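K.L.:
Here's my sequence, what's the structure:
(one chain, ligands or ions: 3)
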Amino acid sequence: MSGRKAQENFMRTAVSVEEATHIVMDRVRLMDTEELCITQSIGRYLAVEIIASQPVPHFRRAGMDGYAVIAADTSSATIRNPITLNVVDNIPAGTTSSMTIRPGECARIMTGAVVPDGADAVIKYEMTEESAYGTDEQETCCVKGMVIPGENVSPIGIEIGSGELVLQAGVRIGPAEIALLAMFGIATVQVYQQPRVAILATGAELLDVHEPLQPGRIRNSNAYMVTAAVMDFGGIPVMLGRISDDVEKAKAIVMDAFAVYDVVVTIGGVSVGDHDIIYDLTKDWDGDLKFNKVLMRPGSPTTYGLWNDKPLFALSGNPAACYVGCRLFLRPALRGMMGAKLVPEPRMLATLSTAYLKSDRSTRFIRGVFSSEKGSLVATPIGYDMSSVTVSLRDANCLICLPGSPKGYEAGELVEVIPL
Ligand SMILES: Nc1nc2c(c(=O)[nH]1)N[C@H]1C(S)=C(S)[C@@H](COP(=O)(O)OP(=O)(O)OC[C@H]3O[C@@H](n4cnc5c(N)ncnc54)[C@H](O)[C@@H]3O)O[C@H]1N2
Ligand code: MOO
Ligand SMILES: [Mg+2]
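P.N.:
Ligands and ions are numbered 1, 2, ... in the order given. Sure thing, here's the model as predicted:
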């Protein structure tokens, strides 16, 4: 059985990581949209563009606590030769003044308040001295320095004009975006739905998290890893347990999952072992198998296909391979389905700190740590890099991408990194 599979494995047509990514992204179908209250929209992607329905600010806004003045009145003011202005109004934020400031006059004004007509600048308290504030006498303000026209006044629309684009469709709603939605009075917003992702693990060795260890058996840690990854990427994970070793039964479970969920992820069973049933399942499947081998390590048997336009990501069972498959393919696919504009994201360039001299035809994604040193990024391989290892994933903050090379990579070479 595995001999036959091994033969077939040899003949599997490997695609490059770039081709595989292209194939996956080409088949991304947008989810339907839904209208959400903005507080529920955080982390989603906007389905519509947002146009400014008002200028910001929509009034001439004071930028300091002080006095609204006519700048020309202050032109000769110095500490030694202060000038005195009559205070004719007191304007807290949220109110408007009915006064028009005339030469020789000013109005007390607070940060964020509407600058009154006639005034063209605000002088901050620290440059003034007040007299008779809160008494019946004529209040005056002694100005000890000059301001220029426009000083400490935000003109109408300086931030954004009415009719201008505020947010593009496809942006992820985070703190800044939600602030803008609120600013424009948008209480509910049209976003893409989250894909619901079925997660199925294969392997008779798997125990669930609450089960005690048994000889030769391990806990199903990958299903939890994929769950976390799906949540992290914005989807809704649904752990469906384990697929049995019987291909027909497995097919039925996978098809049932497709009937309900938007994406199906299987874990393990894509290599050539006797019980690697996902390979068998996808090989004569009436779904559309797109690739079952990628020129990458870890994760070379990563498999992808479509069932009625819904994607199947059959990830390798080795934990690091499973992780890399999630990051490279599942993440952009889910984000694309949710309407993200920029997928896949650009990678960063970093200097490799230590040599990695293994030759390889495949692109290696090695676990690394990258940081900024003297203004440039430096990436250091963690070193404990087998596909079967989970622990070093904990220590990595990036995947260092090393495209296939006959001699490997020297310290000091520029390499791409994918932040995790
Ligand atoms: N003769 C060959 N053997 C293997 C080849 C090959 O080309 N020829 N490829 C190797 C590579 S590379 C990889 S990667 C793995 C892929 O294995 P599978 O995707 O078939 O995964 P399994 O056989 O099911 O499991 C592999 C490994 O991972 C553990 N595992 C599986 N599922 C889970 C889970 N949910 N949680 C935690 N750990 C899991 C499993 O116990 C195995 O140790 O094949 C190589 N073999
Ligand atoms: O393709 Mo596998 O994940 O290297 O060990
Ligand atoms: Mg296997």
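K.L.:
so where do the helices sit in the stretch 301-420 of the chain?
P.N.:
Secondary structure of the stretch 301-420 of the chain by DSSP state H, counting those that start in this stretch: the helices cover 319-325, 331-337, 391-395.
K.L.:
just so I know, which of the ones you listed lies nearest Ile51?
P.N.:
Ile51 sits nearest to helix 331-337 of all the helices of the stretch 301-420 of the chain, at 24.4 Å, using CB to CB. Every C-beta, even on glycine, is put in place using the N, C-alpha and C of the backbone.
K.L.:
residues in contact with the stretch of helix or strand Ala176 belongs to?
P.N.:
Following DSSP states H and E, one finds Ala176 within helix 175-183. With CB atoms under 8 Å, 6 or more residues apart in numbering as the test, helix 175-183 has contacts from 38-39, 41-42, 46, 50, 56, 166-167, 171, 173, 189.
K.L.:
Just the buried ones from those residues?
P.N.:
Among the contacts of helix 175-183, the ones that count as buried by 16 or more other CB atoms under 10 Å are 38, 41, 46, 50, 56, 166-167, 171, 173, 189.
K.L.:
where in the stretch 251-400 of the chain is pLDDT low?
P.N.:
Of all residues in the stretch 251-400 of the chain, none has pLDDT under 70.
K.L.:
The stretch 1-150 of the chain now?
P.N.:
Low-confidence segments of the stretch 1-150 of the chain (pLDDT under 70): 1-3, 9-10, 132.
K.L.:
can you give me the helices for it?
P.N.:
With DSSP H, counting those that start in this stretch as the criterion, the stretch 1-150 of the chain has helices at 2-11, 17-26.
K.L.:
for the nearest residue to Cys142 once chain neighbours are set aside, what are its contacts?
P.N.:
Closest residue to Cys142 apart from its sequence neighbours, by CB to CB, 6 or more residues apart in numbering: Glu129 at 4.2 Å. With contacts defined as CB under 8 Å, 6+ apart, Glu129 is in contact with 82, 141-142, 144.
K.L.:
looking at those residues, which has the most residues close by?
P.N.:
Top of these by neighbour number is Cys141, holding 25 neighbours under the definition other CB atoms under 10 Å.
K.L.:
If that residue is in a bridge, with which residues?
P.N.:
On the basis of DSSP bridges, Cys141 is bridged to Leu85, Glu130.
K.L.:
Return the residues of this protein in contact with ligand 3.
P.N.:
271, 273, 276 (CB under 5 Å from the ion).
K.L.:
picking that back up, could you export the helices of the stretch 301-420 of the chain as JSON lines, including mean neighbour count?
P.N.:
Listed next are those as JSON lines, based on neighbours: other CB atoms under 10 Å:
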{"stretch": "helix 319-325", "mean neighbour count": "27"}
{"stretch": "helix 331-337", "mean neighbour count": "24"}
{"stretch": "helix 391-395", "mean neighbour count": "13"}
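K.L.:
mind checking which of those is nearest Ala252?
P.N.:
Ala252 lies closest to helix 319-325 among the helices of the stretch 301-420 of the chain, at 23.5 Å (CB to CB).
K.L.:
Could you check the closest one against ligand 1 for contacts?
P.N.:
Yes: Helix 319-325 lies within reach of ligand 1 by CB under 6 Å from any ligand atom, at 319, 321.
K.L.:
check whether that helix contacts ligand 2.
P.N.:
Yes: residues of helix 319-325 contacting ligand 2 under CB under 6 Å from any ligand atom: Ala321.
K.L.:
Give me the distance from that helix to the chain's centre.
P.N.:
20 Å (CA atoms, centre = their mean, to the nearest Å).
K.L.:
With just CA atoms, put that helix into PDB.
P.N.:
This file holds the C-alpha atoms of helix 319-325, laid out as PDB (Å, rounded to 0.1, in the frame of the first residue of the first chain):
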ATOM      1  CA  PRO A 319       3.100  20.300  13.800                       C
ATOM      2  CA  ALA A 320       5.500  22.800  12.300                       C
ATOM      3  CA  ALA A 321       4.300  21.800   8.800                       C
ATOM      4  CA  CYS A 322       0.700  22.300   9.900                       C
ATOM      5  CA  TYR A 323       1.600  25.700  11.300                       C
ATOM      6  CA  VAL A 324       3.400  26.900   8.200                       C
ATOM      7  CA  GLY A 325       0.600  25.600   6.000                       C
END
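K.L.:
which outside residues touch it?
P.N.:
With CB under 8 Å, 6+ apart, helix 319-325 has contacts from 221-222, 225-226, 229, 267-268, 296, 298-302, 313, 315-316, 365, 367, 385-390, 392-393, 399.
K.L.:
again, only using 6 Å
P.N.:
Around helix 319-325, the neighbours that count as contacts under CB atoms under 6 Å, 6 or more residues apart in numbering are 222, 267, 298-299, 302, 315-316, 365, 387, 389-390, 393.
K.L.:
can you put the residues you listed in a markdown table and add distance to ligand 1?
P.N.:
Formatted as a markdown table, the contacts of helix 319-325 follow (distance: CB to the nearest ligand atom, whole Å):
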| residue | distance to ligand 1 |
| --- | --- |
| Asn222 | 3 |
| Ile267 | 5 |
| Pro298 | 6 |
| Gly299 | 6 |
| Thr302 | 8 |
| Leu315 | 7 |
| Ser316 | 4 |
| Phe365 | 12 |
| Ser387 | 5 |
| Val389 | 11 |
| Thr390 | 8 |
| Leu393 | 12 |
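K.L.:
Just those residues: which are in strands?
P.N.:
The strands, defined by DSSP state E, take in 267, 315, 365 from the contacts of helix 319-325.
K.L.:
And the residue of the stretch 301-420 of the chain closest to ligand 3?
P.N.:
At 5.8 Å from ligand 3, Gly317 is the closest residue in the stretch 301-420 of the chain, using CB to the ion.
K.L.:
brain fart, the stretch 101-250 of the chain
P.N.:
For the stretch 101-250 of the chain, the residue closest to ligand 3 is Gly203, as judged by CB to the ion, at 7.9 Å.
K.L.:
Could you check how many residues crowd around the closest residue to that residue other than its chain neighbours?
P.N.:
Counting by CB to CB, 6+ apart, Gly203 lies nearest to Gly268, which is 5.0 Å off, once chain neighbours are set aside. For Gly268, the number of neighbouring residues by other CB under 10 Å comes to 29.
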